[in-house]
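Visitor: give me the fold of what follows.
(2 chains)
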Amino acid sequence: MTEHRFVDILRGKFEVGHTVTVEGWVRTRRDSKAGLSFIHLLDGSCFDPLQVVVPSSLPGYQETVLKISTGCALRVEGELVASQGQGQSVELLAKHIEVVGWVDDPETYPMQAKRHTMEYLREVAHLRPRTNIIAAVTRVRHCLAQAIHRFFHERGFLWIHTPIITASDAEGAGQMFRVSTLDLAALPRTEQGAVDFSRDFFGREAHLTVSGQLNVEAYCLALSRVYTFGPTFRAENSNTRRHLSEFWMVEPEIAFADLQKNVALAESFLKYIFAALLHERADDLAFFRNHVDKTCQERLEKIVSSSFEVIEYGEAVERLLASKKKFEFPVSWGIDLQSEHERYLSEELIGGPVAVINYPKQIKAFYMRQNEDGRTVAAMDILAPGIGEIIGGSQREERLSVLDARLDEMKLPKQEYWWYRDLRRYGTVPHAGFGLGFERAIQYATGIDNIRDVIPFPRAPRQADF
RNA sequence: UCCCGUGUAGCUCAGCCGGUAGAGCAGGUGGCUGUUAACCACCGGGUCGGGGGUUCGAGUCCCUCCGCGGGAGCCA
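Guide: Numbers count the residues shown, from 1 in each chain, chains lettered A, B, ... in the order given. A predicted model of the protein is given here:
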C-alpha cells in the first residue's frame, strides 16, 4: 500500500520533482505515436484521476504498456511534473510501470470507459465502484456517515449497537424477515399442528429488526443522549426506487426532552451533516451537480443556511386547502399527508425546510405521546424542498396508563411490550427521538434517483446476487 | 402485490405494413496526433430473454413465463 494517494498528489502535498510510487486502476489509455502514452489512473481517494505519462522509450513499452487496457491494476513509480496539457496541473512521468493485475479479456471487461446505464451497473455491482458515479456516491456515503457520528459524539451522544435480531414480532413497522434454524423440510409441530417455535434456535420466533428505536429508548432512559446507526430490514414486497429490503437508519433518542427539543436536534443535525458534505466533498458534489441533478448542491446549501419553520399539522392542512391547488389526493384533517402535499408545503407555501408537528393520532404509531387535545400526538416530520419527508420522529409516550390505553386501542399485545412498559414504571421521563433513512439522505444529497445506487450491494425483492 | 413500459452484438440503441440483422462505442490491425469519453480506415463479433402458437415464412403478430425499469400502495 502506497502513501502516495492521488488526493494528496493532486492537492500539491508532494512537490514537482519528487519521485512517488502510485497504485490504482486504469480508466483510459491514449497513445501518441509521437512517443507517449497517457494513462488515466484512479485510486478512489478523490474524484479526479492522475494522468500518467509514459514515454515510449520506457523499457517494456511495446510489450507491456501498449497492452494495458481499462481496468488493469498498476503500480507506477515516476517523477511528478508540471503538466504540459490541459485538465490537470501535475502529472506523473513514469520511470517504471508494473502491471499488478491484468484484465483477462479487454473485449468483455464489463466496465468500459464510457457511460453505462445505472440498470446495467447494478448487474455488475462488484465492478461498478470503478465508475465515477458509484465511487463518488461511496465517498459521499462515507462522509455523511462520519459526519453523523461526529455530530453526535461532539454532543455527548453514545452510539448504541441495538440488536439486529429481535425476538419481538410486534414492532409494528411492516413485514419482517424470519430468523430460524429450523429444518424447513421437517418443521417441528405442536399438538395443534402449528410450527413449534419453542424448538427453534432462540426458543421462540425471531426476526431481523425493523427499527432500533424501542431498544434504544431503554438506553436513553439511563444514558440520556443516545443514537443507533445500523442496518434495518423490511420484508415488504415493495419494488420502488425509494425502498430497500436492507437499509441503514439513524435514530437518536434524547431524555428529558419534548417535541420542541426534538425539532431543534433534527434541524442542527441536518445542517451539520450537509455542511460537512459541502465542505469535504466539493469534488464529488460538482460531479453530481453537472451530471446527475443541477439542483442538488443548492438544495443542501438551502438546508444549511435557512432556519426551519415549524407549523402545526392542522395549520398545514388549512394552508393546503387555502392554496386552492388541485391535488391527486384531496386534503382534509385526518389524512396522512401525501408526498405531493409535503412537497407543495415545503417548496411552494413555505419555500424551505419545515417541521410539521402534532399529527392526528390515528395515523401515527402507538408510542407517540398523546397531546392534551386527545386527538393529536406529538409527532414531527421534517419536510425538505425537492424530496418531501426526510425525517420522522416524535416525543414518546412516557405515561404508562396512556401508553396502555393506546396499546389496547390499537389491539396490540401488551405482554409483548412488557420491558418497554417497564421503562414507564421505573423512573420514566419525557423523551423524544427521530429516524433518518440514511440512503434517502444520500439520495437527497446526490440527486440519485434510485436508492439501489446509493448502497454498495442493494437488497430488494429478487435482488441479493452479490 | 397492482398498473404501464421494456428485453436485439461486450455496452447504448435502430430495425416500417411479417420476407431469416444494422449503427455508434468497446475489441483487433494499420495510420495520425501532448492526449483528455482522442481522431481516421479496415476487420472480427448475434440461438433477437425462455417456452408455446399463427403463418409458406416471425426480431416483428398472439399466448405464457422470467428478468429489468417507471408509477401506485407501503414506508425510511
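Visitor: now for the nearest residue in space to residue A:10 that is not next to it in sequence: which residues touch it?
Guide: For residue A:10, ignoring the flanking residues on the chain, the nearest one in space by Cβ to Cβ, 6 or more residues apart in numbering is residue A:48 at 5.6 Å. In this view, the C-beta of every residue, glycine as well, is placed from N, C-alpha and C. By Cβ atoms under 8 Å, 6 or more residues apart in numbering, residue A:48 lies in contact with A:6, A:10, A:88, A:283.
Visitor: part of a helix, is residue A:48?
Guide: No - counting by DSSP: H, G, I helix; E, B strand; the rest coil, residue A:48 falls outside a helix, being coil.
Visitor: could I get the pLDDT score of it?
Guide: The score at residue A:48 is 92. That number is its pLDDT.
Visitor: now do residue A:416
Guide: Looking at residue A:416, the pLDDT reads 87.
Visitor: that one: neighbouring residues, count only.
Guide: 15 (other Cβ atoms under 10 Å).
Visitor: backbone torsions only: list them for residue A:133.
Guide: Backbone torsions for residue A:133, taken as degrees, to the nearest 10, come to phi -70, psi -40.
Visitor: what about the helices in the stretch 251-400 of chain A?
Guide: A:259-280, A:282-291, A:296-305, A:313-322, A:339-344, A:400-409 (DSSP state H, counting those that start in this stretch).
Visitor: what does the host helix or strand of residue A:122 contact?
Guide: Using DSSP states H and E, residue A:122 maps to helix A:118-123. The contact list for helix A:118-123, computed with Cβ under 8 Å, 6+ apart, reads A:128, A:131, A:133, A:134, A:449, A:450, A:452, A:453, A:458, A:463.
Visitor: confidence score at the residue lying closest to residue A:189 once chain neighbours are set aside?
Guide: Computed as Cβ to Cβ, 6+ apart, the closest residue to residue A:189 that is not its neighbour in sequence is residue A:196, at 5.7 Å. pLDDT for residue A:196: 94.
Visitor: next: residue A:297.
Guide: 92.
Visitor: tell me what the lowest-mean-pLDDT helix or strand in chain A is packed against?
Guide: The weakest-scoring helix or strand in chain A, judged by mean pLDDT, DSSP states H and E, is helix A:339-344 (a mean of 83). Helices and strands touching helix A:339-344, by 3 or more Cβ pairs under 8 Å, 6 or more residues apart in numbering; DSSP states H and E, are helix A:313-322, strand A:376-384, strand A:388-395.
Visitor: rerun that using 10 Å as the cut-off
Guide: helix A:313-322, strand A:354-360, strand A:376-384, strand A:388-395 (3 or more Cβ pairs under 10 Å, 6 or more residues apart in numbering; DSSP states H and E).
Visitor: tell me the strands beside the second one, with direction?
Guide: Counting by DSSP bridges, the strands paired with strand A:354-360 are strand A:309-312 (parallel), strand A:376-384 (antiparallel).
Visitor: among the ones you listed, which is the most enclosed?
Guide: strand A:376-384 (a mean of 25; mean count of other Cβ atoms under 10 Å).
Visitor: give me the pLDDT for residue A:167.
Guide: 83.
Visitor: go on, residue A:323?
Guide: So residue A:323 comes in at 83 (pLDDT).
Visitor: let me see the contact set for it.
Guide: A:331, A:341, A:344, A:345, A:348, A:349 (Cβ atoms under 10 Å, 6 or more residues apart in numbering).
Visitor: how does it look with 7 Å?
Guide: The contact partners of residue A:323, by Cβ atoms under 7 Å, 6 or more residues apart in numbering, come to residue A:349.
Visitor: which of the strands paired with strand A:354-360 sits closest to RNA strand B?
Guide: strand A:376-384 (9.0 Å; Cβ to the nearest atom of the strand).
Visitor: does any part of the closest one sit near RNA strand B?
Guide: No - Strand A:376-384 lies out of reach of RNA strand B by Cβ under 7 Å from any atom of the strand, never closer than 9.0 Å.
Visitor: just the buried residues of the contacts of helix A:118-123.
Guide: A:128, A:131, A:133, A:134, A:452, A:453, A:458 (16 or more other Cβ atoms under 10 Å).
Visitor: tell me how far residue A:203 lies from residue A:120.
Guide: Applying Cβ to Cβ, to the nearest Å, the value for residue A:203 to residue A:120 is 46 Å.
Visitor: quick check, residue A:99 in a strand?
Guide: Yes - assessed with three-state DSSP, residue A:99 lies in a strand.
Visitor: ok, it touching residue A:72?
Guide: Yes - Residue A:99 is within contact range of residue A:72, at 5.8 Å (criterion: Cβ atoms under 7 Å).
Visitor: neighbour count winner among these two?
Guide: Ranked by neighbour count (other Cβ under 10 Å), residue A:99 and residue A:72 place residue A:72 first, with 20 against 17.
Visitor: dump the C-alpha coordinates for stretch A:327-340 into PDB.
Guide: Backbone C-alpha positions of stretch A:327-340 (Å, rounded to 0.1, in the frame of the first residue of the first chain) are rendered in PDB as follows:
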ATOM      1  CA  PHE A 327     -54.000  17.500  -5.600                       C
ATOM      2  CA  GLU A 328     -54.400  14.000  -6.800                       C
ATOM      3  CA  PHE A 329     -55.300  13.100  -3.200                       C
ATOM      4  CA  PRO A 330     -57.700  15.600  -1.700                       C
ATOM      5  CA  VAL A 331     -56.700  17.200   1.600                       C
ATOM      6  CA  SER A 332     -58.700  17.100   4.800                       C
ATOM      7  CA  TRP A 333     -58.000  17.000   8.600                       C
ATOM      8  CA  GLY A 334     -57.100  13.400   9.500                       C
ATOM      9  CA  ILE A 335     -55.400  12.300   6.300                       C
ATOM     10  CA  ASP A 336     -51.800  11.400   6.200                       C
ATOM     11  CA  LEU A 337     -50.000  13.900   4.000                       C
ATOM     12  CA  GLN A 338     -49.100  12.500   0.600                       C
ATOM     13  CA  SER A 339     -45.700  13.200  -1.000                       C
ATOM     14  CA  GLU A 340     -47.400  15.700  -3.300                       C
END
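Visitor: now that stretch, how far from the chain's geometric center?
Guide: Mean C-alpha position of stretch A:327-340 versus that of the full chain (Cα atoms, centre = their mean, to the nearest Å) differs by 27 Å.
Visitor: from residue A:403, how far off is whichever residue of the stretch 301-450 of chain A sits closest to RNA strand B?
Guide: Here the residue of the stretch 301-450 of chain A nearest RNA strand B is residue A:437; by Cβ to the nearest atom of the strand that distance is 3.3 Å. Distance, residue A:437 to residue A:403, using Cβ to Cβ: 26 Å.
Visitor: tell me which parts of the stretch 201-350 of chain A are close to RNA strand B?
Guide: Counting by Cβ under 7 Å from any atom of the strand, the residues of the stretch 201-350 of chain A near RNA strand B are A:211, A:234, A:236-245, A:247, A:249, A:329, A:336, A:338-339.
Visitor: can we see that at 10 Å?
Guide: Of all the residues in the stretch 201-350 of chain A, those in contact range of RNA strand B (Cβ under 10 Å from any atom of the strand) are A:210-211, A:213, A:232-251, A:328-329, A:336-340, A:342.
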